[in-house]
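Enquirer: Fold the stuff below for me.
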Amino acid sequence: MENFKQIIYGLVFMIISTGVLHGADLQKGFLGTNWGADISELSGFSKISQKGDVSYYGDPQKSYTIFGLETANVTFGFFKDKFFAAYIAVESIEVFERTKSHLTQKFGSPRTILKTQNRQTIISWKQTDTRIKLKLYEKEGKMKLAVYYTPLAGKVNQAQRELFPQIPSQDFSIDSRSRQQAVDYRRLQQAIDVMGF
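Expert: Reported below is the predicted structural model:
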């Protein structure tokens, strides 16, 4: 009986340790690439596109398993040549739900944001300096998993705000609440354009 208890305690410890180590790994980087790594230090990456200081790269020679999701199509985001994000296309609603379940088991209950105007759902987990987002764009029928290193992602957001000027209030002849919704929607559209998604 005592041996049985030790085995159970050992299994529980291994399960807990695996979750903690996985979280610690996200703190350092993602898919073997350290957050903040300069693109010039990395091999095998090919540039896909660039918008301002944000560049997108892929490694066509590699395939990955990410939170139980197998894919060869991972887009790596770099801000001023520093790694800050990874984007993975989710091909089906079944994979979306499986990924959501896996992430919830690993990181706990997510925060969910529903954007009814553009029919978007964002399910989000925070792990120290890393944010994981599972996004569903109902209108376009697209889904993706995104992982961000928040210290650099915050700089990307700041650069976007500077790139796109404030919307002057005289452009609107509607009440302040409706104006704020229009401003928020326009900023979201601009952010999506800059991020390439």
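Enquirer: roughly how far apart are T121 and G77?
Expert: 21 Å (Cβ to Cβ, to the nearest Å). For the C-beta atoms, the positions are set from N, CA and C on the backbone; glycine is no exception.
Enquirer: the more surrounded of these two?
Expert: Per other Cβ atoms under 10 Å, whichever of T121 and G77 has more neighbours is G77, with 25 against 16.
Enquirer: Could you look up the SS state of the more buried one?
Expert: Secondary structure state of G77, per DSSP: H, G, I helix; E, B strand; the rest coil, is strand.
Enquirer: Kindly state the beta-bridge partners for it.
Expert: G77 forms beta bridges with Y56, A85, as assigned by DSSP bridges.
Enquirer: ok, now which ones touch it?
Expert: Neighbouring residues of G77 by Cβ atoms under 8 Å, 6 or more residues apart in numbering: V54, S55, Y56, F83, F84, A85, A86, Y87, V156, M195.
Enquirer: Which two of those residues have the greatest separation?
Expert: Farthest-apart pair in those is F83 and M195; separation 14.7 Å (Cβ to Cβ).
Enquirer: Show me which of the two is the more surrounded one.
Expert: Neighbour count, other Cβ under 10 Å: between F83 and M195, F83 has more, with 25 against 18.
Enquirer: quick one: the helices in the protein?
Expert: 2-28, 93-107, 150-163, 176-195 (DSSP state H).
Enquirer: Can you name every helix or strand that the shortest one contacts?
Expert: It stands for helix 150-163. strand 74-79, strand 82-89, strand 130-137, helix 176-195 (3 or more Cβ pairs under 8 Å, 6 or more residues apart in numbering; DSSP states H and E).
Enquirer: so where's this protein shaky on pLDDT?
Expert: Residue ranges of the chain with pLDDT under 70: 1-24, 67-69, 162-183, 185-197.
Enquirer: Kindly recompute the last result at 50.
Expert: Across the chain, the ranges flagged by pLDDT under 50 are 3-24, 169-173, 197.
Enquirer: hang on, T150 packs against D129?
Expert: Yes: counting by Cβ atoms under 8 Å, D129 is a contact partner of T150 at 5.2 Å.
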